[in-house]
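Engineer: Fold the stuff below for me.
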Amino acid sequence: MTSASQATLGSDANDVKTPQVTSGCDIIDWRPEDPIFWENRGRRIANRNLWISIPSLLCGFAVWLMWGIITVQMANAGFPFGPEELFTIAAISGLSGATLRIPASFFIRICGGRNTVWLTTALLMVPAVLTGIALQDKTTPLWFFQLCALLSGIGGGNFACSMSNISTFFPKRLQGTALGLNAGLGNFGVTTMQILIPLVMTVGLFGAIGGEPIPLVKDSASLVGKIVAGTPTYVQNAGFVWLLLLVPLAFFGWFGMNNLLTVSPNIGSTAAALFKVFFFYLLALVISAVALYLYLPAPTGIGVLSGGGMWVMLIGVMFGTLLAMKLTATGEMKANLTKQFAIFKNKHTWSMTALYVVTFGSFIGFSMALPLSITVIFGNTHVMDDSGLWVHAKNPNAPSALMYAWIGPFVGALIRPIGGWISDKVGGSIVTQIISIVLVIASAATGYVMFEAYHSATPEQYFLLFMALFVVLFAASGIGNGSTFRTVGFVFDQDQRGPVLGWTSAVAAYGSFIAPVIIGGQIKAGTPEYAMYGFAVFYAICVVMNWWFYLRKDAYIKNP
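Structural biologist: Residues are numbered from 1 along each chain as shown. Predicted coordinates for the structure are as follows:
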């Protein structure tokens, strides 16, 4: 949007205070709680920013979580990595995406909404291109795929700044709906990726630039049908395809979005604001890389924090990133960060963090782990030999992960705005309570079905029930995503709402690392059901927490 066109926003004589524009994208007067201002001016501006934000966030989710599908097809194409290494690649993007959400939580007030969303969307081109290059050759080393996955975390980080930004545009009464639309439709990036990647692998979209196809060594599938072993496939398109969306989105973000100077009063020049975003993202990536070096086994790490040390590593990454931000910030930025760090003195920050892990952490973790879980649990038959050991062989009737894995995330994303809308009507905490109970029951039942399938010569007979239960898990977590955002909007004021939304989403995003690691580890141990039973126990604890903080007679804040 040009300066001239934006200047017309202040030309209505019926509105005494109208948005003033200091440059082509900066608005200095923003009063969404004022009904007259909202109807005359605010709604149009807010909706424009929302509808540019949604597809940008969709691409962020797609690039962040694409490794859940790419690793399945890498196995089908004969890349020389075992199941645990493939689970680890997917988990790395989860870890970095969650860690990048920590600085992203604070970007809007430091750097401005338009500046932040534009740059973080444009940066997605880097992992997209590198991933396409890596997938052109089966001899690409493991560490390069791990680097690509680390950089894919940029897409995960984008969620925190996107949600924080949109929360500043809308009045409190519309927070649940607006944030539900942004997050829910943005979450369709998971489904879009799970459907699009298998399809684009079947055609040479980019000609000679895209490289030569790689023949499959195992049967695969897409929504158009089965792909038999020996078929040449363009696995590399899984990375390159996102450029078709990211290039125009960078254009629309630059010319169509706004910085609200009432929210970001000291962003300085555009160049300075973009540098801050780039610097803090780089800082978080370096800290993530160091943590992974301590966690991963040789040859890419030293493994001193493997196994149970995972929890030490996660805590170290979170608080190490916060400390590094505070130590490296200077001047006005340091003062701004100090002010925003006040959220950590509020007990509701911590209660909402746990509750958002229940909802978004479940959604994103299961989205990352489900495709490989289907492949490993149902892709083999399981028969005990005479010595009492389980023997696994290829299952000729195995369901395809690429055919079914998209269904759960699709349902979760589709229903998320509905969760926000219902919560606007009846209250966020009561909705969170109901879905948390559903998650307890469904996760325990899923664990039992996984146990039966993993000890069966015909595991496919349990697949329909397995998928139905996972759809319930995704639906419940999707509704809960909207309800927890509604509660944040109700509990926190304007100054703290954005940083809290960013922080809670950052911690919850570690579910994308935890779920693949725990489920993958339990599958390797032969006890996949233990992972789901553990999740059920956590959900039950959070049922009690939600009731204590927000629903009991003498709750800290009654909601509803």
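Engineer: residue contacts, residue 379?
Structural biologist: By Cβ atoms under 8 Å, 6 or more residues apart in numbering, residue 379 lies in contact with 394-395, 398. C-beta: built from backbone N, CA, C; applies to glycine.
Engineer: quick one: which of those residues is nearest to residue 194?
Structural biologist: residue 398 (17.8 Å; Cβ to Cβ).
Engineer: Roughly how far does the residue nearest to residue 459 when sequence neighbours are not counted sit from residue 544?
Structural biologist: Distance criterion Cβ to Cβ, 6 or more residues apart in numbering; nearest residue to residue 459, sequence neighbours excluded, is residue 453 at 4.1 Å. Residue 453 sits 31 Å away from residue 544, going by Cβ to Cβ, to the nearest Å.
Engineer: got it, and residue 183?
Structural biologist: Residue 183 is 26 Å from residue 544, by Cβ to Cβ.
Engineer: Please identify which of those two sits among more neighbours.
Structural biologist: Comparing residue 183 with residue 544 by other Cβ atoms under 10 Å, the one with more neighbours is residue 183, at 29 against 10.
Engineer: Hmm, residue 164 and that one touching each other?
Structural biologist: No: the criterion here is Cβ atoms under 8 Å, and residue 183 misses it with residue 164 at 11.7 Å.
Engineer: In PDB, list the C-alpha atoms belonging to stretch 71-89.
Structural biologist: In PDB, the C-alpha atoms belonging to stretch 71-89 read as follows (Å, rounded to 0.1, in the frame of the first residue of the first chain):
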ATOM      1  CA  THR A  71      11.200 -38.600   5.700                       C
ATOM      2  CA  VAL A  72       8.500 -41.100   4.700                       C
ATOM      3  CA  GLN A  73       9.300 -40.600   1.100                       C
ATOM      4  CA  MET A  74      13.100 -40.600   1.800                       C
ATOM      5  CA  ALA A  75      12.600 -44.100   3.200                       C
ATOM      6  CA  ASN A  76      10.600 -45.100   0.100                       C
ATOM      7  CA  ALA A  77      13.300 -43.700  -2.200                       C
ATOM      8  CA  GLY A  78      16.100 -45.600  -0.500                       C
ATOM      9  CA  PHE A  79      18.000 -42.800   1.200                       C
ATOM     10  CA  PRO A  80      20.500 -44.600   3.500                       C
ATOM     11  CA  PHE A  81      19.000 -43.700   6.900                       C
ATOM     12  CA  GLY A  82      17.300 -45.800   9.500                       C
ATOM     13  CA  PRO A  83      13.900 -45.100  11.100                       C
ATOM     14  CA  GLU A  84      15.500 -43.500  14.200                       C
ATOM     15  CA  GLU A  85      17.600 -41.100  12.100                       C
ATOM     16  CA  LEU A  86      14.500 -40.100  10.100                       C
ATOM     17  CA  PHE A  87      12.500 -39.500  13.300                       C
ATOM     18  CA  THR A  88      15.400 -37.400  14.500                       C
ATOM     19  CA  ILE A  89      15.400 -35.200  11.300                       C
END
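Engineer: Only the buried residues of it, if you could.
Structural biologist: Judged by neighbour count (16 or more other Cβ atoms under 10 Å), stretch 71-89 contains these buried residues: 71-77, 79, 81, 83, 85-89.
Engineer: got a list of contacts for that stretch?
Structural biologist: 67, 90, 135, 138, 142, 145-146, 149, 197-198, 201, 214-220, 233, 235, 238, 296, 369, 371-372, 375-376, 401-402, 405, 516-517, 519-520, 523-524.
Engineer: Please tell me how far it is from the chain's geometric centre.
Structural biologist: Mean-position distance between stretch 71-89 and its chain equals 21 Å (Cα atoms, centre = their mean, to the nearest Å).
Engineer: next one: stretch 465-477
Structural biologist: Distance, centroid of stretch 465-477 to centroid of chain: 18 Å (Cα atoms, centre = their mean).
Engineer: quick one on the thing from earlier: run through the residues that contact the residue nearest to residue 459.
Structural biologist: Contacts of residue 453 (Cβ under 8 Å, 6+ apart): 377-378, 459, 462-463, 466.
Engineer: Helix or strand: which one has it?
Structural biologist: helix 428-454 (DSSP states H and E).
Engineer: give me the element the residue nearest to the spatial centre of the chain is part of.
Structural biologist: Centroid check for the chain by Cα atoms, centre = their mean gives residue 156 as the closest residue, at 4.8 Å. Secondary structure from DSSP H and E places residue 156 in helix 142-167.
Engineer: List the buried residues for that helix?
Structural biologist: For helix 142-167, the neighbour count (16+ other Cβ under 10 Å) marks 142, 145-167 as buried.
Engineer: which stretches of this structure have low pLDDT?
Structural biologist: 1-24, 221-225, 332-333, 336, 388, 390, 559-560 (pLDDT under 70).
Engineer: any idea how far residue 458 is from the residue sitting furthest away from the middle of the chain?
Structural biologist: Distance from the C-alpha centroid of the chain, by Cα atoms, centre = their mean, peaks at residue 386 (45.4 Å). Residue 386 is 20 Å from residue 458, where distance means Cβ to Cβ.
Engineer: same deal with residue 143?
Structural biologist: 39 Å.
Engineer: contacting residues for the residue nearest to residue 441 when sequence neighbours are not counted?
Structural biologist: Nearest residue to residue 441, sequence neighbours excluded (Cβ to Cβ, 6+ apart): residue 536, at 7.9 Å. Contacts for residue 536 were tallied using Cβ under 8 Å, 6+ apart; they are 439-441, 443-444, 447.
Engineer: Give the burial count for residue 213, as a bare number.
Structural biologist: Residue 213 has 19 neighbouring residues, counting by other Cβ under 10 Å.
Engineer: need the contact list for it.
Structural biologist: Listed by Cβ under 8 Å, 6+ apart, the contact partners of residue 213 are 204, 232-234.
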